[in-house]
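Asker: I would like to see how this sequence folds:
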Amino acid sequence: MLVTLGDSWPQGAELAPGEQPYGFHLHKELNTSHWVNLGQGGTSNEHLVLQLKQFLLTNVVAPVTAIFFLTNPARSLYWKGDMFYSISNSELKEQFLHFHDYDALRTAITVAALQKICAANKIDDYYLPGWQKISEWLPGTDLDKIYGKGKLTAASILQAEKHNGEHLVDTENNYYIKPNFCHPNELGHKIIAAKLAEWIKYRQGGH
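Answerer: So this is what the prediction gives:
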């Protein structure tokens, strides 16, 4: 079973009717039994924890492979429904001293939490940075589960590394994005899926 989580990229924003995001194509590449897409446009990295919680409450069919798309770290927690979710501040001051900025710290905390939750639930988890490279992680984070250990991104796969923080820019002539504004076209999604499949098969092969 494959589950894709994250923002508008896994959701498939700007795709035409009948076109599919990378999760669909990765599901075919990996020959998984089911595919569940929880991507939600405009959401944050912290919301990945809530997406994973939602998934674990469904009819989960083992084995499970999860792909977490890491969006703009500056986005704050996505609020949903009538529940209030917050992060404990008890250890942030000490950890903050080891990071250049608070946004990077929040992403590092989120990934560390996701890895623990996935391990406890026997989920084979992988992390794909979207368009911002991430180089700072908390001790104990398994960097081999992060594409390029955070130094490569989905955007770099598409040869579209320019961004303004919130989204890609100067993509008008990019083969894997046009005619879209800042999201992959279906060919771009297929390329991302192929790269992820190659990486995941290598990892699952015990290398």
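Asker: okay, buried residues for stretch 111-122 please.
Answerer: Val111, Ala112, Ala113, Leu114, Gln115, Ile117, Cys118 (16 or more other Cβ atoms under 10 Å). To be clear about C-beta, it is placed using only N, CA and C from the backbone, and glycine gets the same treatment.
Asker: nope, stretch 187-207 is what I was after
Answerer: Gly188, His189, Lys190, Ile191, Ile192, Ala193, Lys195, Leu196, Ala197, Trp199, Ile200.
Asker: which ones among these map onto helices?
Answerer: Gly188, His189, Lys190, Ile191, Ile192, Ala193, Lys195, Leu196, Ala197, Trp199, Ile200 (DSSP state H).
Asker: if we can go back for a sec, with respect to Val60, which of the buried residues of stretch 111-122 is nearest?
Answerer: Nearest to Val60 among these: Cys118, at 11.9 Å, using Cβ to Cβ.
Asker: give the contact list for Glu161.
Answerer: Counting by Cβ atoms under 8 Å, 6 or more residues apart in numbering, Glu161 touches Trp131, Thr153, Ala155.
Asker: does it belong to a helix, a strand or coil?
Answerer: In the three-state summary, Glu161 is assigned as coil, counting by DSSP: H, G, I helix; E, B strand; the rest coil.
Asker: so Pro73, which of the three states?
Answerer: Strictly by three-state DSSP, Pro73 counts as coil.
Asker: which residue packs closest to it, ignoring adjacent ones?
Answerer: Distances taken as Cβ to Cβ, 6 or more residues apart in numbering place Asp103 nearest to Pro73, at 3.9 Å, with adjacent residues excluded.
Asker: looking at this protein, which helix or strand is least sure?
Answerer: Least confident helix or strand, the chain: helix 92-96 with a mean of 50, by mean pLDDT, DSSP states H and E.
Asker: which residues of the chain score low on pLDDT?
Answerer: The chain contains residues with pLDDT under 70 at 78-101, 206-207.
Asker: check which helix or strand the residue sitting nearest the centre point of it maps to.
Answerer: Nearest to the mean C-alpha position of the chain, by Cα atoms, centre = their mean, lies Phe69 at 0.8 Å. In the assignment (DSSP states H and E), Phe69 maps to strand 64-70.
Asker: quick one on the thing from earlier: quick one, what contacts the nearest residue to the residue nearest to the centre of the chain once chain neighbours are set aside?
Answerer: Leaving aside its chain neighbours, Phe69 sits nearest to Gly6 (2.9 Å; criterion: Cβ to Cβ, 6+ apart). Each residue near Gly6 by Cβ under 8 Å, 6+ apart is listed here: 38-40, 43, 48, 51, 67-71, 128, 130.
Asker: look up how far Pro179 lies from Gly6.
Answerer: Separation of Gly6 from Pro179 (Cβ to Cβ, to the nearest Å) stands at 23 Å.
Asker: buried set for stretch 159-167?
Answerer: Ala160, His163, His167.
Asker: want to throw these into JSON lines with distance to Ile123?
Answerer: Compiled in JSON lines, those are given as follows (distance: Cβ to Cβ, whole Å):
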{"residue": "Ala160", "distance to Ile123": "30"}
{"residue": "His163", "distance to Ile123": "29"}
{"residue": "His167", "distance to Ile123": "29"}
